[in-house]
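1. Got a predicted structure plus its sequence, pasted below:
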Amino acid sequence: MMTMTKLHLAAIIAITAPTYRTDAFLLSPTPPLLAASRPTSTTSLNMNKKAKGKKGGGGGGFAKKVITNNIKIKKKPANPNFVYAGDIRPHEQSPTRIVDPDVVLSIPDYAIDGRPKKTGGRDIEIKSPQDIVKMRASGKAARQVLDIAGRIVKAGVTTDEIDAAVHAACMERGAYPSPLNYRNFPKSCCTSVNEVICHGIPDMRPLEDGDIVNIDITVYLDGFHGDCSEMFVVGGKEALDEKGQKLIQTTYDCWVQSMELVKPGVNYNVIGKSIQDYVTPRGFSSVRAFCGHGIGDVFHCAPNIYHYTVNQPLEDIVAGHVFTIEPMICEGLHEPYSWPDDWTATTVDGGRSSQFEHTLLVTEDGVEALTGKLEDSPLQFWEEESAIRKGIWLGTSGNARERAEELNDSKVEAK
């Protein structure tokens, strides 16, 4: 998932953090959304204490119980002169969904006022064993929520219904849906359809056969974020044209190829080079305006993970680093184009875009997907037909390879 950028037709100006440009979420005004019950010793609210005394905090807070009907979404007036790049149009949005802090284990520091306080600093953090235990739990929860969302993708279902399912699944796991009120984002997940590159806001548009949909899930569980996304095809492979199939397959394969290279001692610049070298000869382009990111108790932190060639050395990968790789691959031009909602980023030419994402943990012998698929996760056609590694990918470490082999064997037996 991504941070703050202003997008224009031919150029992009990234609004950066003091030390790192994180893969960007955009600004969009919306009111506070936490159902404000008084915290108790069991809610373990993980608020940043440094925020005390600062002006400009959100109203509501924990002083007053809020119900959905009380929330009024502030929307920009429609711009009748806005020219859309493709066929997707914004539809009506439902009221922002509520989080009761008594239900979740902890809430992020931006949950009330929309302003993240912690940045993570300049250095890439090496996660402690205790951190890794919690990140495994948040990663597993994110995967479970993503699988739930994917199962309801079909013609006639709205992305708002997907958001409702995501929100409920997070609550069932005691997790806060990380996108919700992050820099005032109004929903609990991002749903990006066809030409939408990223940050699509769930709304009342019914999905149609042949649509390609990226569902981007991040959960905040017990103080740590887990972040993943995946493509889904409405109506299945047979409903998708050949070029769309090639787009998703190329995106998946370039992503897996880049993750296969991750291990201690390798420079971070190999990731982007691998992705660009794979997609360009196949007639596709990799988005440069958004990047992957470090993740932990902070949603977006060092390092930046570029999905294109960077012709200079970056830092070396070290065991204990945790970050996302999430290439966004386009049929045509890679430049994004911002809708008036200041969040939705589409391709500038209306061509379709595809994306996959894992939260990855670097181990002594390779890398593991903390958001890897589970026993009941679906096997998609691009996994079965991968030119890089067939079947579900869980990592390159000995443990990950062994688990993937068992999981893929069980999928074969189940057919």
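-> Thanks, I have the structure now. On a predicted model such as this, the values are computed, not experimentally measured, just so you know.
2. Output the below-cut-off pLDDT ranges for this protein.
-> Counting by pLDDT under 70, the ranges of the chain that qualify are 1-78.
3. all helices of it, in order?
-> Using DSSP state H, the helices of the chain run over 129-151, 159-172, 242-260, 269-279, 381-384, 398-414.
4. for those helices, which one sits closest to E92?
-> helix 159-172 (8.5 Å; Cβ to Cβ). All C-beta atoms are positioned from the backbone trio N, CA, C, and that covers glycine.
5. and the angle from that closest one to helix 129-151?
-> If you take axes from the mean of the first three to the mean of the last three Cα atoms, to 10 degrees, helix 159-172 sits at 140 degrees to helix 129-151.
6. for helix 159-172, the distance to its chain's centre please.
-> 15 Å (Cα atoms, centre = their mean, to the nearest Å).
7. Give me the buried positions along it.
-> T159, D160, E161, I162, D163, A164, A165, V166, H167, A169, C170, M171 (16 or more other Cβ atoms under 10 Å).
8. give me every residue that touches Q144.
-> When contacts are counted by Cβ atoms under 8 Å, 6 or more residues apart in numbering, Q144 touches A169, R173, L374.
9. can you rerun that using 10 Å?
-> A169, C170, E172, R173, A175, I217, V219, G226, T371, L374, D376, S377 (Cβ atoms under 10 Å, 6 or more residues apart in numbering).
10. buried subset of these?
-> Counted by 16+ other Cβ under 10 Å, the contacts of Q144 give A169, C170, R173, A175, I217, V219, G226, T371, S377 as buried.
11. What's the local residue count around the spatially closest residue to the second one that is not a sequence neighbour?
-> Excluding the flanking residues, the one nearest C170 by Cβ to Cβ, 6 or more residues apart in numbering is P177, at 4.5 Å. Around P177 sit 28 other residues, with neighbours defined as other Cβ atoms under 10 Å.
12. How about S128?
-> 10.
13. Check V266 too.
-> What V266 shows, counting by other Cβ under 10 Å, is a neighbour count of 15.
14. Make 66 the starting number, not 1.
-> Okay, using 66 as the starting number, the last item reads as V331.
15. and the gap between the residue nearest to it when sequence neighbours are not counted and E429?
-> Closest residue to V331 apart from its sequence neighbours, by Cβ to Cβ, 6+ apart: I382 at 5.0 Å. According to Cβ to Cβ, to the nearest Å, I382 and E429 sit 12 Å apart.
16. likewise I153?
-> 45 Å.
17. Take the helices of the chain and lay them out in CSV including distance to V258.
-> Below are the helices of the chain laid out as CSV (distance: least, Cβ to Cβ, whole Å):
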stretch, distance to V258
helix 194-216, 13
helix 224-237, 7
helix 307-325, 12
helix 334-344, 21
helix 446-449, 18
helix 463-479, 28
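18. And I153 and E429? Which one has more around it.
-> More crowded of I153 and E429, by other Cβ under 10 Å: I153, with 19 against 10.
19. so the more buried one makes contact with A410?
-> No: if you go by Cβ atoms under 10 Å, I153 and A410 don't touch, sitting 11.8 Å apart.
20. Overlap of the contact sets of these two?
-> In contact with both I153 and A410: S257, E260, V261, G265, W404, using Cβ under 10 Å, 6+ apart.
21. picking that back up, joint contacts of I382 and E429?
-> In contact with both I382 and E429: K328, P329, using Cβ under 10 Å, 6+ apart.
22. for G300, what are its contacts?
-> So G300 contacts V218, K219, A220, L272, E273, D274, G275, D276 (Cβ under 10 Å, 6+ apart).
23. among those, which ones are buried?
-> V218, L272, G275, D276.
24. TSV for those, including distance to G330?
-> Output for the buried ones among the contacts of G300, formatted as TSV (distance: Cβ to Cβ, whole Å):
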residue	distance to G330
V218	40
L272	44
G275	44
D276	42
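25. out of these, which one sits closest to P368?
-> Within those, the smallest distance to P368 is 32.1 Å, found for V218 (Cβ to Cβ).
26. How about that closest one, nearest residue that isn't a chain neighbour?
-> Nearest non-adjacent residue to V218, counting by Cβ to Cβ, 6+ apart: F297, 4.3 Å away.
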